[in-house]
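J.: structural data only, the sequence is not supplied:
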Ligand SMILES: Nc1ncnc2c1ncn2[C@@H]1O[C@H](COP(=O)(O)OP(=O)(O)OP(=O)(O)O)[C@@H](O)[C@H]1O
Ligand SMILES: Nc1ncnc2c1ncn2[C@@H]1O[C@H](COP(=O)(O)OP(=O)(O)OP(=O)(O)O)[C@@H](O)[C@H]1O
Ligand SMILES: [Mg+2]
Ligand SMILES: [Mg+2]
């Protein structure tokens, strides 16, 4: 049994009085213990919705309109609020793009860490404090003891994100879901934070779902990738396989368009058009208006995910490698 | 070298910060600390560096949107920073800027035609109405915007379309020089290539000179002719793009290059110690990079290195490089 098995997950938002639009249109995902998965896609593809839905955190007016989230064989969507609290922030931790989603501005770092820990563990204050300092050291925060008394605003953006990682690790989670954890940070700080997440996941056998739009970051950190487009997974597989030989025309286009793929001053490969909003999806494959291989069938039927790719005309290996 | 189109000499920019109510001190933020750059006609001069290093401030100072605290700015050998506004107006038509966020840079209540006509009406008021119309239509065509967009408002367009409109607006007065401040950072990966290609094509057609601000080194490698690496308001290294990637001379440049995530992986494998940017209010006496630099010694902490030309033609501000 996989640690996490997401089956046919749907998320919907109301449109008008009676109608709904779907932000997730049936997503499947499976993750083994200690495995690192990258979820890639452009803005609005549904990456954050997927993360929130896994933890049953979709806020009104949105709702999970179908599917299951099996965590060790138990559907998280069926749990009581109390039941899910035992999992969220405990066995599954989250790291968001903005560290201030996690951090409370009026509490010291130490207070919030100790509170988090005591919410999930029977532990004395002194022991909790010791463990918190240990975690801060683990994420390479200089002078960890004195940082316990600091307020979030007294730390730089990079240090705050390190504190968030330390909090995410406090309860020894089995899975960390990180939604664009370094997008707001500078490249050198991004490298520090991602190197840290990678090291900690490897050392502690923690599984990771890393949401990002940066193919380079995914390539560095994950073992498998899932490419999302307009609320669906369009391609899924081993990271290096997909990067070396993408099968879906969208994935291939994204990779070919990277500036490192063209000589200096040369025009880049470009995908025409842009991703449609979920309120105006074309019939059939959502990518068909931008796809050079689109045929009548693509404009009529949504291609199912089969053999790792949701496409009626997937690229063959020779084509993909070129 | 030919006559530069834009040049800065010893450019400094200081911002007075609000005084703390208990303190007599007037804190001053040093955003630019003696910047010398000289931009040749027809080149794509890139400025890279981390958040807060002064990239936007440099662009805004050159555009005359900020008055420098010290130093000189020249356009075709003419001092422009001290010029009175009447003299400067026709030069403003020759220098235009594209901003990072196409959602914020377009007036939401102004339709596309008026957005584009405004710079001509303001900077070249003698232009007859028929010519304004002609000019607007011609830049719309040149930037891949549909003529039917003219009566529509910004909210009706996607991010990529808005950035095309913003580029069209920058071109409408027929400038020779464009400051592009992170023009693709807010756009989706699949759209970034479209905009970079547009900028490349426009440069070929119109002989434009770009000052291209970015934090993404893979874009620099593709797009730039020369590049200035900034840190805390100073140029640390200035070189031909190829030279910077093949033989980075400044330790900070090397740190930046090592931080780039790569499709083949390997950049995030070794843990890094957190580096913090020094405070631009209390600048260190010596080299601003010394607190993070593996090569720093007593001299670096005491004496600020000047930008000097090395054997390969690269300019670097470091006591330890040759
Ligand atoms: N409150 C809401 N009402 C209606 N639609 C919504 C709402 N919140 C999100 N959506 C839609 O759900 C879709 C998926 O959004 P999601 O936030 O998951 O995208 P994402 O892939 O995380 O994008 P980004 O890279 O910008 O974070 C989007 O099309 C968005 O417009
Ligand atoms: N009007 C202002 N008043 C006070 N400080 C300012 C002002 N404008 C900029 N600064 C400060 O000057 C420094 C340089 O800012 P600038 O916006 O030029 O950086 P940047 O390199 O463009 O950064 P980013 O990559 O985040 O856009 C920063 O410390 C910033 O806070
Ligand atoms: Mg998101
Ligand atoms: Mg800026």
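T.: Cool, got the structure. It should be emphasised that the depicted structure is a prediction, and the values quoted were computed from it without experimental measurement. Numbering: from 1, shown residues only, chains lettered A, B, ... in the order given. Ligands and ions are numbered 1, 2, ... in the order given.

J.: element containing the residue nearest in space to the middle of chain A, please.
T.: Centroid-nearest residue in chain A: residue A:211, 2.6 Å away (criterion: CA atoms, centre = their mean). Using DSSP states H and E, residue A:211 maps to strand A:207-212.

J.: tell me the contacts of residue A:182?
T.: Residues in contact with residue A:182, defined by CB atoms under 8 Å, 6 or more residues apart in numbering or on different chains, are A:161, A:189, A:190, A:193, A:194, A:212, A:217. C-beta coordinates here come from the backbone N, C-alpha and C atoms, glycine included.

J.: residue A:193 versus that one, what's the distance?
T.: 5 Å (CB to CB, to the nearest Å).

J.: and the pLDDT at the residue in the stretch 51-200 of chain B that ligand 1 sits nearest to?
T.: Among the residues of the stretch 51-200 of chain B, residue B:188 lies nearest to ligand 1; the distance is 8.1 Å by CB to the nearest ligand atom. On pLDDT, residue B:188 comes in at 85.

J.: just the closest residue of chain A to ligand 2, please.
T.: Residue nearest to ligand 2 within chain A (CB to the nearest ligand atom): residue A:186, separated by 7.9 Å.

J.: overlap of the contact sets of residue A:182 and residue A:193?
T.: With CB under 8 Å, 6+ apart as the test, residue A:182 and residue A:193 both reach residue A:161.

J.: right, and residue A:160 touches residue A:101 too?
T.: No. Between residue A:160 and residue A:101 there is no contact under CB atoms under 8 Å: 10.8 Å.

J.: need the residues of the stretch 1-150 of chain A near ligand 1, please.
T.: Residues of the stretch 1-150 of chain A found near ligand 1 (CB under 6 Å from any ligand atom) are A:13, A:23, A:41, A:43, A:44, A:45, A:46, A:47, A:48, A:49, A:62.

J.: one step back: residue A:160 and residue A:101: who's more crowded?
T.: Legend: neighbour count by other CB atoms under 10 Å in any protein chain shown for residue A:160 and residue A:101, higher for residue A:160 (20 against 11).

J.: contact partners for the more buried one?
T.: Shown in contact with residue A:160 (CB under 8 Å, 6+ apart): A:99, A:100, A:103, A:152.

J.: what pairs with residue B:79 across the strands?
T.: residue B:74 (DSSP bridges).

J.: what's around it, how many residues?
T.: By other CB under 10 Å, 12 other residues sit near residue B:79.

J.: same check, this time on residue A:154
T.: For residue A:154, the neighbour count with other CB under 10 Å is 12.

J.: pretty sure residue A:51 is in a strand, no?
T.: No. Going by DSSP: H, G, I helix; E, B strand; the rest coil, the assignment for residue A:51 is helix, not a strand.

J.: ok, it touching residue A:177?
T.: Yes. Applying CB under 8 Å, one finds residue A:51 in contact with residue A:177, separated by 5.1 Å.

J.: who has more neighbours, these two?
T.: Shown here are residue A:51 and residue A:177; by other CB under 10 Å, residue A:177 has more neighbours (26 against 19).

J.: these two touch, right, the more buried one and residue A:53?
T.: No. Applying CB under 8 Å as the test, residue A:177 and residue A:53 come out as separate, 10.9 Å apart.

J.: could you look up the SS state of the closest residue in space to residue B:195 that isn't next to it in sequence?
T.: Leaving out its chain neighbours, the residue that sits closest to residue B:195 by CB to CB, 6 or more residues apart in numbering or on different chains is residue B:184, at 5.1 Å. Using three-state DSSP, the structure places residue B:184 in coil.

J.: which pLDDT does the model give residue B:184?
T.: 91.

J.: where's residue 252, which helix or strand?
T.: Using chain A here. Element membership for residue A:252 (DSSP H and E) is helix A:249-256.

J.: my question was about chain B, not that one.
T.: helix B:251-258.

J.: again, but for residue B:205
T.: helix B:189-206.

J.: what angle sits between the lengthiest helix in chain A and helix B:251-258?
T.: Longest helix of chain A, by residue count under DSSP state H: helix A:187-204. Here helix A:187-204 points in a direction 50 degrees away from that of helix B:251-258 (axes from the mean of the first three to the mean of the last three CA atoms, to 10 degrees).

J.: buried ones in helix A:187-204?
T.: Under the neighbour-count criterion of 16 or more other CB atoms under 10 Å in any protein chain shown, helix A:187-204 has A:187-201 buried.

J.: excluding its backbone neighbours, what's nearest whichever residue of the stretch 201-322 of chain A sits closest to chain B?
T.: Proximity of the stretch 201-322 of chain A to chain B (CB to the nearest CB) peaks at residue A:216, 3.2 Å away. Leaving aside its sequence neighbours, residue A:216 sits nearest to residue B:261 (CB to CB, 6+ apart; 3.2 Å).

J.: next, give phi and psi for residue A:54.
T.: phi -60, psi -40 (degrees, to the nearest 10).

J.: list the contacts for it?
T.: Residue A:54 neighbours (CB under 8 Å, 6+ apart): A:4, A:6, A:69, A:76, A:92, A:177, A:209.
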